[in-house]
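> Build me a structure from this.
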Amino acid sequence: MSESSAPTETVLLRRGEVHSPADPFATAMVVERGQVAWVGSEGAADAFADGVDEVVDLDGALVTPAFTDAHVHTTTTGLALTGLDLSDAPSLPAALARVREFAAARPGDRVLLGHGWDSAAWPEGRPPTRAELDEATGGRPLYLSRIDVHSAVVTTALLDLTPGAPGRADAPLTGDAHHAVRATALGAVTPAQRADAQRAALAHAASLGIGTVHECAGPEISSEDDLTGLLRLAAEGDGPRVVGYWAEQDVDKARELGAAGAAGDLFVDGSLGSHTACLHHPYTDADHTGLAHLDADAVASHVVACTEAGIQAGFHAIGDAALTAVVEGVRAAAEKLGLARVRAARHRVEHAEMLTPETIAAFAELGLTASVQPAFDALWGGTDGMYARRLGADRARTLNPFAALLRAGVPLAFGSDSPVTPLDPWGTVRAAAFHRTPEHRISVRAAFTAHTRGGWRAVGRDDAGVLVPGAPADYAVWRTGDLVVQAPDDRVARWSTDPRSGTPGLPDLTPGRDLPVCLRTVVGGRTVFVRPGE
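Purely as a prediction, here's the structure:
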């Protein structure tokens, strides 16, 4: 396959496998002026061969809709890709050694930035102290966000730069203290550094077959310039599409910035890893119930304002008490404006981990989209994972109930929350299909839909994320093994390669098997990635 960055008028892809509900046996596809024009068989493709500008020989490759990652922090993802990443540090001494090496290698950085430490996974069971970080950096400003990005450890020098600096204790900073030091740290990033980080993140996304990302920005997370700069960069058309969300209770500001909603990480609570998710009952390993940032009245007021303005509302809510506040608030808004009007707005909830049967039913009733991250379960689930340590085994087993959400008719949109977990779409699909709690598993087909069409539906588009005539030509080409059809009555164990199923096949994602490799990514008919050598 030849490399091309500009869309040609008409393209014929042939001799492959095309994942399309329009024709489960399709082996060819025609793209014209940025849209899918036709899908069908290899024999029928001959009729188009003389009237196209480019023919792509797929050589048996699989063509699917491009993935949508419904929750990304693009700049911090890029900074993690190009900066200090501690996500795989095996111990506290190893993490400190990496800090020391990074500081030595970046003498010109005004503030050293790093991400990904997780003391719960270290033998020492504790984060680095401020004194240890001061020594490792030689007294320079350093900001190190925890893997969940809801707390951080910093050096004395960064505290000295932070207006109204928070306390000097060694414990990781959370809440307002964390927001203050993060603002100082990210404020040291120059516009050029920020643009480079955004380009790196979008290029990496494209290399993984991701055609669209939902940027979850906000005043406590990034900045107005960060969001508007990213939207301008995406408008150049050289990478994935970007849909922006602005997490502030200011509808006019969200519109002014070009955001699709005053939504995303509008915090109702924090995270489980940092003990800041808001719970009905105390943590198993701490004598409190976390932090509440918005109550039901505040949620209701925001949903009313957004619905009346014709934009999406959305909230970050993880703990069961936070999710109760969300559904009570949205229900109050529906009582004021009418249920049909609120449902039509397709408001969102990010993460939605500690759901109960009651809150799941409320999501379905109120038309809320669950924007969720299956990799969280892969990373923190199980009987000996972080969830179990924070909540105890019984509560931990209830988290991320994807199957129950689908049975109730709740729309799912999958994402990564990168850099919290990596951009990894096929890994995300696998994590949902092989959830650590078996009753929460969903089929590979349902998970794939949530990570493709689900992301489009989450922004109000029902005509995209699927390869049918008239849909946007956002697709990816994959080198993969045999395609299989999952038996509908057994979400994991039984697979079929029988073409008589009449259902488009997908790769076998059984753990231990290699994941598909992206060969090409196309957005709106424009090629944004081609693997070297293809």
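> What ranges does the stretch 51-200 of the chain have for its helices?
74-82, 92-105, 130-137, 156-161, 175-187, 191-207 (DSSP state H, counting those that start in this stretch).
> for the chain, which spans come out with low pLDDT?
Residue ranges of the chain with pLDDT under 70: 1-8, 167-169, 486-503.
> Quick one: neighbours of the closest residue to Phe102 other than its chain neighbours, just the number.
Leaving aside its chain neighbours, Phe102 sits nearest to Leu84 (4.4 Å; criterion: CB to CB, 6 or more residues apart in numbering). (C-beta placed from N, C-alpha, C; glycine too.) Here the number of neighbours of Leu84 (other CB atoms under 10 Å) works out to 24.
> Confirm for me that Leu84 is in contact with Leu96.
No - counting by CB atoms under 8 Å, Leu84 sits too far from Leu96 to count as a contact (11.6 Å).
> With Arg526 as the reference, measure out to Gly237.
Plainly put, Gly237 is 6 Å away from Arg526 if you go by CB to CB, to the nearest Å.
> If you count surrounding residues, which of these two has more?
Between Gly237 and Arg526, counting by other CB under 10 Å, Arg526 is the more crowded of the two (18 against 14).
> Now that the more buried one has come up, it's in contact with Val31, right?
No - judged on CB under 8 Å, Arg526 makes no contact with Val31 at a distance of 10.3 Å.
> Help me confirm that Phe529 is found in a strand?
Yes - the assignment for Phe529, made by DSSP: H, G, I helix; E, B strand; the rest coil, places it in a strand.
> Just give the number of residues close to it.
27.
> let's number from 48 now, not from 1
Sure, I'll start numbering at 48, so the last one becomes Phe576.
> Hmm, Arg567 and it touching each other?
Yes - Phe576 lies in contact with Arg567 (CB under 8 Å); the separation is 6.5 Å.
> Quick one: the helices in the stretch 398-547 of the chain, in order.
404-413, 421-427, 433-438, 440-443, 449-455, 472-480, 491-498, 500-504.
> Please identify the buried residues of the fifth one?
By neighbour count with 16 or more other CB atoms under 10 Å, helix 449-455 contains the buried residues 449-453, 455.
> What is the nearest of those residues to Gly87?
Leu453 (30.5 Å; CB to CB).
> which residues does that closest one contact?
Shown in contact with Leu453 (CB atoms under 8 Å, 6 or more residues apart in numbering): 459, 489, 493.
> Make CSV out of those residues and add distance to Ala69.
Output for the contacts of Leu453, formatted as CSV (distance: CB to CB, whole Å):
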residue, distance to Ala69
Leu459, 23
Ile489, 23
Ala493, 19
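> Show me how to select, in PyMOL, the buried members of those.
A single PyMOL command selects the buried members of the contacts of Leu453 (16+ other CB under 10 Å):
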select buried, resi 459+489+493
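> tell me which of the contacts of Leu453 is nearest to His226?
Using CB to CB, the shortest approach to His226 within these belongs to Leu459, at 29.7 Å.
> Could you give the bridge partners of that closest one?
Ala417 (DSSP bridges).
> surely it meets Leu452?
Yes - the pair Leu459 and Leu452 qualifies as a contact (CB under 8 Å) at a distance of 6.1 Å.
> list residues touching both of those two?
417, 419.
> Against Cys263, how distant is the closest residue to Gln359 other than its chain neighbours?
Using CB to CB, 6+ apart and skipping the chain neighbours, the partner closest in space to Gln359 is Gly308 (3.0 Å). For Gly308, the distance to Cys263 (CB to CB) stands at 10 Å.
> cool, Arg187 as well?
Taken as CB to CB, the span from Arg187 to Cys263 is 30 Å.
> next one: Phe410
Taken as CB to CB, the span from Phe410 to Cys263 is 19 Å.
> Which of these two has more residues huddled nearby?
Taking other CB under 10 Å, Phe410 and Cys263 do not tie; Cys263 has more neighbours (29 against 24).
> Please, which helix or strand holds that one?
Using DSSP states H and E, Cys263 maps to strand 257-264.
> Flag every buried residue along that strand.
257-264.
> Pairing partners for it, with directions?
strand 114-119 (parallel), strand 288-293 (parallel).
> Just list what whichever helix or strand comes after it packs against, helices and strands only.
Sequence order places helix 271-282 as the next helix or strand after strand 257-264, per DSSP H and E. Where contact means 3 or more CB pairs under 8 Å, 6 or more residues apart in numbering; DSSP states H and E, helix 271-282 is packed against helix 121-129, helix 238-254, strand 257-264, strand 288-293.
> Find out how far the shortest one is from the centre of the chain, if you would.
Just to be clear, that refers to strand 288-293. 12 Å (CA atoms, centre = their mean, to the nearest Å).
> what angle separates it from helix 238-254?
130 degrees (axes from the mean of the first three to the mean of the last three CA atoms, to 10 degrees).
> In contact with Ala147: list those residues for me.
Just to correct that, residue 147 is Arg rather than Ala. Taking CB under 8 Å, 6+ apart, we find Arg147 in contact with 183-184.
> make that Arg193, sorry
Taking CB under 8 Å, 6+ apart, one finds 164-165, 174, 199-200, 219, 320-321 in contact with Arg193.
> Filter these down to just the buried residues.
Taking 16+ other CB under 10 Å as the criterion, what is buried in the contacts of Arg193 is 164-165, 174, 199-200, 219, 320-321.
> Inside strands: which ones of those residues?
With strands taken from DSSP state E, the overlap with these comprises 164, 199-200.
> if we can go back for a sec, now the helices of the stretch 398-547 of the chain in CSV, with distance to Phe72?
Formatted as CSV, the helices of the stretch 398-547 of the chain follow (distance: least, CB to CB, whole Å):
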stretch, distance to Phe72
helix 404-413, 34
helix 421-427, 30
helix 433-438, 42
helix 440-443, 43
helix 449-455, 27
helix 472-480, 22
helix 491-498, 16
helix 500-504, 20
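> re the thing from before, would you mind finding the most buried of the helices of the stretch 98-247 of the chain?
Each of the helices of the stretch 98-247 of the chain was scored by mean neighbour count; the highest is helix 121-129, a mean of 25, by mean count of other CB atoms under 10 Å.
> Return the distance of it from the chain's centre.
Mean-position distance between helix 121-129 and its chain equals 14 Å (CA atoms, centre = their mean).
> now the angle from that helix to strand 114-119?
Going by the same axes, to 10 degrees, helix 121-129 makes 100 degrees with strand 114-119.
> Tell me the helices and strands packed up against helix 121-129.
Counting contacts by 3+ CB pairs under 8 Å, 6+ apart, helix 121-129 packs against strand 159-164, helix 238-254, helix 271-282.
> could I have the last one exported to PDB, CA atoms only?
Once non-C-alpha atoms are left out, helix 271-282 reads as follows in PDB (Å, rounded to 0.1, in the frame of the first residue of the first chain):
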ATOM      1  CA  GLU A 271      -8.400  27.200  27.300                       C
ATOM      2  CA  ASP A 272      -5.300  27.700  25.100                       C
ATOM      3  CA  ASP A 273      -4.600  23.900  25.300                       C
ATOM      4  CA  LEU A 274      -8.100  23.100  24.000                       C
ATOM      5  CA  THR A 275      -8.300  25.700  21.300                       C
ATOM      6  CA  GLY A 276      -4.800  24.900  20.100                       C
ATOM      7  CA  LEU A 277      -5.700  21.200  19.900                       C
ATOM      8  CA  LEU A 278      -8.900  21.900  17.900                       C
ATOM      9  CA  ARG A 279      -6.900  24.100  15.500                       C
ATOM     10  CA  LEU A 280      -4.300  21.400  15.100                       C
ATOM     11  CA  ALA A 281      -7.000  18.800  14.400                       C
ATOM     12  CA  ALA A 282      -8.700  21.000  11.900                       C
END
